[in-house]
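Engineer: dropping a prediction and its sequence here:
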Amino acid sequence: MAWMCMRDSAWKYLQSAHLGGDRNYSHYTSRDFYSQFGLEDFLCTDDIPGTDEDTDSAVLFGTLRGNVVGLRYYTGVVNNNEMVSLQREPNNLYDKNAVKVNNVNGNQVGHIKKELAAPLAYIMDNKLAIVEGIVPYGAKNAFTMPVQMSFWGKEENKQAVLDELKMHGFKLAPPSKSSEFGFGSSWVSGRAGPSYSAPGHGAVQMTTEQAVGTPLLPHQKQALAWMVSRENSKELPLFWEEKNNFYCNTLTNFAEKERPENVLGGILADDMGLGKTLVTIALILTNFHDGKPLPVEKVKSDQLHKESVVTGVKNEGHELLKGTSCNVEPNISSVKKKSETVQSQYSSFRPKRAKAEKPKYTVSSDSEESEEWLPQQTRTKCEKDLPATRKRSKTASCIIQEDTGFASALASPSAPLKKKAKKKDTASVQSVKKNDSEEGPRTTLIICPLSVLSNWIDQFEQHIRPDVHLNIYVYYGPDRSKDPSFLSKQDIVLTTYNILASDYGSRGDSLLHRLKWLRVVLDEGHTIRNPNAQQTKAALNLEAQRRWILTGTPIQNSLKDLWSLLSFLKLKPFTDREWWRRTIQRPVMLGEQGGLRRLQSLIKNITLRRTKTSKIKGKPVLELPERKVFIQHVTLTEEERKIYQSVKNEGKAAISRYFNEGTVLAHYADVLGVLLRLRQLCCHPHLCTNTSSSSCQIGDSTPEELREKLVNKMKLVLSSGSDEECAICLDSLNLPVITHCAHVFCKPCICEVIQSEQPNAKCPLCRNELRVEHLVECPPEESDSSIEKKGDREWISSSKINALMHALIDLRKQNPAVKCLIVSQFTTFLSLIEIPLKESGFVFTRLNGSMAQKKRVQAIQSFQDRQTGSPTIMLLSLKAGGVGLNLTAASRVFLMDPAWNPAAEDQCFDRCHRLGQKQDVIITKFIVKDSVEENMLKIQKKKRELAAGAFAAKKLTVSEVKQTKINEIKTLIDL
DNA sequence: ACCGCCGGGTGCC
DNA sequence: ACCGCCGGGTGCC
């Protein structure tokens, strides 16, 4: 969906600049355009117009050639076709209109000649346009150099800019097609340019030594190998080339003698639940050797085992993870490391290097072809030995002990931790002291939201072997340490974004900013997507050799949001927003192929992202226990059958009549009502008695009565579980409203229809007259008083309840600890089920969609609790809770009534069939024989086939929706 | 010559 | 800057 919020302006611009004139561009499918690059996640630029530079809505007014003067007074140098930055210098003593010219590095090159500076100053000061420069011939200019300027701004400011320039005798050249929107005119189109074909991720040798159980899953090892390779990367960063002893940035053409710093880090963007925390802990441990931290800067190659250089070191650090088998060589400073040991190659876009020896092993971010990531000798072993799930012994680490819960660690973080460190870690503290003065930083700083702080502490506790001397300090709370040397002696400092930001904001001497860190890890790194937020600024100003961003959500940020992350990683020249904007953000927004290619290779280079459905070595990343679905047929009693049959006959007669009249869809709500009652009767006779017959005519009632009837109908449609979609947008209902003809649409959709078809708007489904003032909105949910009412009636059982209770009691006999979900679309039904549950002595809890957050959490927690006496049953309404709902304590599901949409059922099952589920999940669907429920299964089957087929993503047209609905009704009522 | 032309001094904003 | 511009020196051919 992210692509939808792409700004119109970009396309507007595309139209005016590319296609020209009044071409209709609305049919251009931007989704296709972007999805071919797999970049949908990056296309949302939902910025607020008028905020900061607002460059996304800028159009190119034109270009102008000018001169840069005064070169001999400044040191900044520029290559041919290099981008330069134009900055106002209002305080210049000689000319208040001064505009200085800087190169990409921020070194001043010169000034814009004063005659041109005068109008530029006016334009820039009044923010009429952004002026960007590219120097066509920068080299060998002693005194002046030309500069090609592009003027970008809002359409409404174009004339003012033109006028101001004209007043000073300048005229913009219209934007030329070949200029690729000012992004490197001649040089981009003039030469082929580097092709940034996806570089493989560097791999690190691993050994098979000490292969014992494997706590790291294959995809986690892959992530670790990737991270280690990135931390030890010696390749030039992406978009940099070595040319005549210079390092040249291929995007801006900036070049310098000094080698650009490597980006020793990246973005680990795996889905939630894939174990980013664990992998990060493993990464931290790669800096350990013999249970002690590796000296980072001063390590000499010969300190490492000799054979390690050839065959790969047995990674002590890795073994520190409990029961690890897959070893990575120690992760040391790249400067000191022998080059042969690192196999990383990013050579595909550099022919010269490509000829060099081939990497033995490469890691590819493309999960489909990632068999290559492990060395040959390791591969077979790992394949054989990998258990489906991890087993971890529950021993505490040496620093945080069993008794050091999160609360105590937070309440007084320094005291208990310090004490333990002293008591147990004398040796390691000593060794640190000895090396302290001569070594580089040893500390990894982890910043996370407060809510996951405890998770980090738990994970350290769980995964670090007790004999590893690791100092962990939680920098949090009012008593947090103020001693920089204390912090720098830690191996890990854990803190929150709030602490980071408030330290940075309040004290100028923020402790975290005074220290140089070995590594900074931003957990939930998308927290810094807003460049103006204090925590972002604070994070960007941290000094660290290695920088990592962990983020669970796909980087659903806009391109703009991505900037903060890149800036944090310190990939030159993107640390400066102007270069990010000019080389990536705007070209991508304008749909320029080169821009997309660059973004794609950038993302591919610095991020690793796998989803739960990603595959590694052909196997899913997460191997869940099996999920088995059984259908249990239920036969109605004679009495139940009588009622069912009579309601069915009545309903079938009415629906046949609608068919004969051709008014099925006009009576859609009534049809749904009939079907609903039948579905309810399959569950329990008491469910449907209260539902009023909606056969009464709408025409002859008072407005109030009419309104009430319509509201009831809408509620019927919404609550019928039919998963209604709006027939206009074909998406799920947003702000549902009902028409007088009793059809439910999204309010914005139907209003648009009425607007555009004025004055005689007709219902898209039945062509009845439509009026905005006739639309009835859905009133806010009132509390379920009906449930109480039902409770008053004398309770009777039903065939389905009997079947359920039979199954439950049977199950309890086999295993009293097994936990079940009982799922229904009818909360009233769940209430009815409560009674026999109580009678049979089951402890149960309940989760409805309407429950307050606090109650929900309580219900979930008590159910997930494994203690004896905790609830073994949860009553769950089908749609309760989002995808995040975790009910893995349950291994059995009883689905009391089928849903229209099989996806809704699957989603419900996934609440227990997900990461953390250790047992096979057995699902029982109760289906009444010879009833609407059996017909619903038929429809489910069809929908599943459709979803699996080639037209999975195809959206149906309105008439197709109509036909589908009609066919469904026929199937359901046996017509 | 209240010019032109020459050639030295000079040079961002 | 192999320019432009400035201002002093100079002045038929």
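Structural biologist: Perfect, I can see it now.

Engineer: tell me the SS of residue A:481?
Structural biologist: Under DSSP: H, G, I helix; E, B strand; the rest coil, the three-state class of residue A:481 is coil.

Engineer: burial count for residue A:715?
Structural biologist: For residue A:715, the number of neighbouring residues by other C-beta atoms under 10 Å comes to 17. Backbone N, C-alpha and C define where each C-beta goes, glycine included.

Engineer: let me see the contact set for it.
Structural biologist: residue A:778 (C-beta atoms under 8 Å, 6 or more residues apart in numbering).

Engineer: assumed it was part of a helix.
Structural biologist: Yes. Counting by three-state DSSP, residue A:715 is found in a helix.

Engineer: could you give the average pLDDT over whichever strand or helix holds residue A:161?
Structural biologist: Using DSSP states H and E, the element containing residue A:161 is helix A:158-167. For helix A:158-167, the mean pLDDT works out to 96.

Engineer: so what touches the longest helix that chain A contains?
Structural biologist: The residue-count maximum for a helix in chain A (DSSP state H) belongs to helix A:638-661. By C-beta under 8 Å, 6+ apart, the residues outside helix A:638-661 that reach it are A:636, A:664, A:666-667, A:670-671, A:674-675, A:677-678, A:681-682, A:685, A:688, A:695, A:798-799, A:931-932, A:969, A:973-975.

Engineer: buried ones among these?
Structural biologist: A:636, A:664, A:666-667, A:670-671, A:674-675, A:677-678, A:681-682, A:685, A:688, A:798-799, A:931-932, A:969, A:973 (16 or more other C-beta atoms under 10 Å).

Engineer: and chain A, what are its domain boundaries?
Structural biologist: With automatic domain parsing as the criterion, the domains of chain A are listed as A:2-42, A:55-190, A:201-266+A:277-328+A:344-366+A:377-385, A:798-964.

Engineer: now the helix holding residue A:161: buried residues?
Structural biologist: A:158, A:161, A:162, A:164, A:165.

Engineer: which ones are touching the closest residue to DNA strand B within the stretch 701-850 of chain A?
Structural biologist: At 53.2 Å from DNA strand B, residue A:748 is the closest residue in the stretch 701-850 of chain A, using C-beta to the nearest atom of the strand. Residue A:748 makes contacts with A:734, A:735, as judged by C-beta under 8 Å, 6+ apart.

Engineer: and it, which of the three is it?
Structural biologist: Per three-state DSSP, residue A:748 ends up helix.

Engineer: how close does it sit to residue A:710?
Structural biologist: Distance, residue A:748 to residue A:710, by C-beta to C-beta, to the nearest Å: 19 Å.

Engineer: kindly report the same for residue A:543.
Structural biologist: Distance, residue A:543 to residue A:710, by C-beta to C-beta: 64 Å.

Engineer: so for those two, which residue has more residues nearby?
Structural biologist: Using other C-beta under 10 Å as the criterion, residue A:543 and residue A:710 rank with residue A:710 on top: 23 against 14.

Engineer: wait, that one sits on residue A:741?
Structural biologist: No. The pair residue A:710 / residue A:741 is not scored as a contact, 9.8 Å apart, by C-beta atoms under 8 Å.

Engineer: can you give me phi and psi for the residue of chain A found nearest DNA strand C?
Structural biologist: Going by C-beta to the nearest atom of the strand, DNA strand C is nearest to residue A:143 of chain A, at 3.5 Å. Backbone dihedrals for residue A:143, given as degrees, to the nearest 10, come out at phi -120, psi -40.

Engineer: one step back: next SSE downstream of the longest helix of chain A?
Structural biologist: The element immediately downstream of helix A:638-661 (helix or strand, assigned by DSSP H and E) is helix A:668-683.

Engineer: got the angle between that next one and helix A:638-661?
Structural biologist: Counting by axes from the mean of the first three to the mean of the last three C-alpha atoms, to 10 degrees, helix A:668-683 points 160 degrees away from the direction of helix A:638-661.

Engineer: which strands or helices does helix A:668-683 pack on?
Structural biologist: Applying 3 or more C-beta pairs under 8 Å, 6 or more residues apart in numbering; DSSP states H and E, we find helix A:668-683 packed against helix A:638-661, helix A:703-719, helix A:932-948, helix A:958-972.

Engineer: of all the ones you listed, which lies closest to residue A:823?
Structural biologist: Closest of those to residue A:823 is helix A:932-948, at 14.3 Å (criterion: C-beta to C-beta).

Engineer: buried set for the closest one?
Structural biologist: If you call a residue buried by 16+ other C-beta under 10 Å, then helix A:932-948 has these buried ones: A:932, A:933, A:934, A:935, A:936, A:939, A:940, A:943.

Engineer: tell me the contacts of whichever residue of the stretch 201-350 of chain A sits closest to DNA strand B?
Structural biologist: Minimum separation of the stretch 201-350 of chain A from DNA strand B (C-beta to the nearest atom of the strand) falls at residue A:254, amounting to 20.8 Å. Shown in contact with residue A:254 (C-beta under 8 Å, 6+ apart): A:78, A:79, A:82, A:83, A:103, A:104, A:105, A:248, A:573.

Engineer: tell me the most packed of the residues you listed, by neighbour count.
Structural biologist: Within those, neighbour counts (other C-beta under 10 Å) peak at residue A:78, which reaches 30 neighbours.

Engineer: what's around the closest residue to that residue other than its chain neighbours, how many residues?
Structural biologist: Excluding its sequence neighbours, the residue lying closest to residue A:78 (C-beta to C-beta, 6 or more residues apart in numbering) is residue A:138, at 3.3 Å. As a burial measure, residue A:138 scores 24 neighbours (other C-beta under 10 Å).

Engineer: next: residue A:771.
Structural biologist: Neighbours of residue A:771 under the rule other C-beta under 10 Å: 11.
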